[in-house]
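Peer 1: structure of the sequence below:
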Amino acid sequence: MKNQLVHLMLNDEVRIIAADTTQLVEEAKAIHGTYPVATAVLGRTLTAAAILGSQLRQEWENLTITLNGGGPAGTVLATANGNCEVKGYIANPQVNLPAREDGKLDVGGAVGKDGFLTVSKDLGLKEPYVGQTALVSGEIAEDLAYYYLQSEQQPTIVYLSVWVDIDTSVLRAGGLVISPMPGASEETLSFIESRLFEIQNYALMLMQYSPEEAVRKIFRDGKIELTRTQEPKYVCNCTRERFSQGILSLGRKEIEQMLKEDGQAEVICQFCNKQYL
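Peer 2: Model (predicted):
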């Protein structure tokens with residue numbers, strides 16, 4: 001089963017990006033050894049990064065989503081480029097909270113909402129573009145919708161979901177971003193609003209359908225056009241040379257102290273857990 005991400009147009013007025021990131025999130029879970037609620041937190045953030053990254057114009061452009069909500073999950077970060085290559089980490093992969101009253105994983109409780117969602121975009125300019133908004137709920141999808149509205153002045157529906165099975169494997173993960181274009185008709189906006197309940201069933205639909213098929217089911221009375229398809233992947237580009245440069249930047253005194261005490265430097269990549277000596 002491959003990860004899938006599709007770009008579609010609804011009625012020539014609404015941009016839709018739909019993703020199935022099940023395999024990607026399962027890979028991240030294996031790398032970081034996450035407990036179920038941490039799997040959901042990191043999985044939603046990685047899915048959001050893949051979707052936002054797919055909107056970059058060049059493959060080499062990249063963005064980073066950072067969540068700091070003051071919750072027990074700690075800092076959560078995911079980065080993606082225009083080629084849908086994604087990586088990320090969660091400060092506390094073993095965060096473990098009781099389920100909410102509705103039986104769902106307590107993502108908001110793990111992330112917290114006493115802090116910010118930050119999106120940094122490196123577009124090849126002198127300085128990166130940085131947008132930051134206060135966390136609304138810590139559930140990530142609502143927070144990202146608020147970011148779209150405040151930082152990009154774009155009213156947007158965001159749906160993110162990670163289903164964790166009883167054996168802690170990732171049963172299904174995916175996301176949906178729906179962005180009406182400026183001047184979209186009231187008729188189309190009302191049509192989208194009438195399908196909000198079905199949008200909330202998107203992850204369930206991924207059990208049976210591809211992202212494109214799921215969107216066509218949700219908006220079955222509308223005109224749907226597929227414009228682009230991508231495959232999100234978990235890719236870490238760490239190298240021994242990159243970490244060596246980082247050690248050199250510590251300065252001669254620090255390096256001599258490390259040699260005296262340990263005889264070597266051990267570095268572990270926070271994104272893929274690869275060890276360098």
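
Peer 1: how many other residues sit next to Thr229?
Peer 2: Residues within reach of Thr229, counting by other C-beta atoms under 10 Å, total 12. C-beta here means a position set from N, CA and C on the backbone, and glycine is covered the same way.

Peer 1: looking at this, it is in a strand?
Peer 2: Yes. Assessed by DSSP: H, G, I helix; E, B strand; the rest coil, Thr229 belongs to a strand.

Peer 1: which non-adjacent residue is nearest it?
Peer 2: Spatially, and ignoring its direct neighbours in sequence, Thr229 is nearest to Val6 (5.3 Å; C-beta to C-beta, 6 or more residues apart in numbering).

Peer 1: Gly174 bridge partners, please.
Peer 2: Counting by DSSP bridges, Gly174 forms beta bridges with Asp20, Ser161.

Peer 1: I'd assumed Thr47 was in contact with it.
Peer 2: Yes. Counting by C-beta atoms under 8 Å, Gly174 does reach Thr47; the two are 6.6 Å apart.

Peer 1: look at the two and report which has more neighbours.
Peer 2: When neighbours are counted by other C-beta under 10 Å, Gly174 and Thr47 differ, and Thr47 comes out ahead with 33 against 30.

Peer 1: spit out the contact partners of the more buried one.
Peer 2: Thr47 sits next to Ala19, Thr21, Leu24, Val25, Leu160, Val162, Ala173, Gly174, Gly175 when contact means C-beta atoms under 8 Å, 6 or more residues apart in numbering.

Peer 1: hmm, 6 Å instead?
Peer 2: If a contact means C-beta atoms under 6 Å, 6 or more residues apart in numbering, then Thr47 has Thr21, Leu160, Gly175 as its contacts.
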